[in-house]
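*Asks:* have a look at this prediction, sequence included:
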Amino acid sequence: MKTFPKHEEYRLTSDMLRAARSIPANISEGFGRFHFAEKIQFYNIAKGSTTETQNHIEESYNNEYITNDKKEYFLKKYHVVEVKLNNLIASTVCAKKRFVKRKEKK
């Protein structure tokens, strides 16, 4: 089992940190938006960053920087995040539909 080598410091580890940090940042930015479409767009970007981070985890395992146990642990955690993001997106879509229906009734 290797650890992340020095030459990966500005490559895989940097990419992994950037992708992981992008998830809550995009959720926060989406939450702060007024229009539903913008909210959904940022939540989808966060979902993409989740998938990107999962890919970096797989890549870390394939290069023997992490064990299979660590890989499975992190992938399970990111799967939970992905499910919660899907629920957030779905509930935002439903809220948008309710808003449009109320607007049409006026």
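*Replies:* Received, thanks. Numbering: from 1, shown residues only.
*Asks:* now the chain, which segments are flagged as low pLDDT?
*Replies:* By pLDDT under 70, the weakly predicted segments of the chain are 1-2, 9-10, 106.
*Asks:* from residue 101, how far out is the residue nearest in space to the middle of it?
*Replies:* By C-alpha atoms, centre = their mean, the chain has its centre lying nearest to residue 50, at 2.8 Å. Distance of residue 50 to residue 101, given as C-beta to C-beta, to the nearest Å: 31 Å. Bear in mind the C-beta positions are built from the backbone N, C-alpha and C, glycine included.
*Asks:* can you tell me the helix or strand for residue 66?
*Replies:* Under DSSP states H and E, no helix or strand contains residue 66.
*Asks:* next, it: phi, psi?
*Replies:* Main-chain dihedrals, residue 66, degrees, to the nearest 10: phi -130, psi 160.
*Asks:* same question, residue 72
*Replies:* phi -60, psi -40.
*Asks:* again with residue 57
*Replies:* Note on residue 57: backbone dihedrals following degrees, to the nearest 10 are phi -60, psi -50.
*Asks:* over to residue 65?
*Replies:* The phi/psi pair for residue 65 (degrees, to the nearest 10) is phi -90, psi -20.
*Asks:* and for the closest residue to it other than its chain neighbours, the neighbour number?
*Replies:* Once flanking residues are discounted, residue 65 sits nearest to residue 4: 5.0 Å by C-beta to C-beta, 6 or more residues apart in numbering. For residue 4, the neighbour count with other C-beta atoms under 10 Å is 15.
*Asks:* hmm, back to that, now the residue nearest to the centre of the chain. Its backbone dihedrals?
*Replies:* Here is the backbone geometry of residue 50 (degrees, to the nearest 10): phi -60, psi -50.
*Asks:* so who does it touch?
*Replies:* 23, 78, 81, 82, 85 (C-beta atoms under 8 Å, 6 or more residues apart in numbering).
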